[in-house]
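Engineer: One predicted model, sequence on top.
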Amino acid sequence: MTAFRIASRPWKRSVAPVRDRKYLAFVRTQPCAVCGSWRWVESAHTGGRGLTQKADDRKAIPLCRFHHQRSTQSLHALGPTKFARVWKLDVRGLILELQGMYPGELVL
C-alpha cells in the first residue's frame, strides 16, 4: 500500500473586506446599471467572497431589486460572471466610474 503525501500550501492570511457605509449609500443614489431605474436601487456586491463574507464594499454596483435578487436573470441567480455576460456589463469599468464619481474619500 502506498502512502500519499499531501503537499502543504503556505498559510495565507486573509484580508478583511473593506466596509464603507457612506460609499454604499452613494451607490444606492445611482440608477440601476442594467435598466436605468431609480426605484428600489440596492448596492450589489460583485467582488470575490470568502466563506460567509460579502465582497469589498468598494466593488458594489447599483442594481434595482429586480436585477439584484428577484429575477431569474438577477445577480443572485446567475452569479457575478454570468450576470455580467448576460447583461453585457463591464463591471470593473462601472466600479471604477462610480469610485471616480464618489464625492467623499474612499476608505482604504
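Structural biologist: Arrived safely, thanks for sending.

Engineer: Centroid-nearest residue for this structure?
Structural biologist: T46 (1.7 Å; CA atoms, centre = their mean).

Engineer: That one: what's it in contact with?
Structural biologist: Contacts for T46 were tallied using CB atoms under 8 Å, 6 or more residues apart in numbering; they are A55, K59, A60, I61, L75, P80, A84, V91, I95. Bear in mind the C-beta positions are built from the backbone N, C-alpha and C, glycine included.

Engineer: Among those residues, which one sits closest to L108?
Structural biologist: K59 (13.8 Å; CB to CB).

Engineer: Could you list the buried residues of the longest helix seen in the chain?
Structural biologist: Assignment by DSSP state H gives helix 91-101 as the longest helix of the chain. By 16 or more other CB atoms under 10 Å, the buried positions in helix 91-101 come out as V91, L94, I95, L98.

Engineer: picking that back up, include secondary structure, distance to D20 and pLDDT when you put the contacts of T46 into TSV, please.
Structural biologist: Listed next are those as TSV, based on DSSP: H, G, I helix; E, B strand; the rest coil; distance: CB to CB, whole Å; pLDDT from 0 to 100:
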residue	secondary structure	distance to D20	pLDDT
A55	coil	12	81
K59	helix	11	91
A60	strand	9	94
I61	strand	14	96
L75	helix	20	93
P80	helix	19	89
A84	helix	22	94
V91	helix	18	94
I95	helix	13	94
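
Engineer: Now do D56 against G36, distance only.
Structural biologist: D56 is 25 Å from G36, where distance means CB to CB, to the nearest Å.

Engineer: you'd agree D57 is up against A25?
Structural biologist: No: taking contacts as CB atoms under 8 Å, D57 lies outside contact range of A25: 10.4 Å.

Engineer: Mind checking which of these two has more residues around it?
Structural biologist: Between D57 and A25, D57 has the larger neighbour count (other CB atoms under 10 Å), namely 20 against 11.
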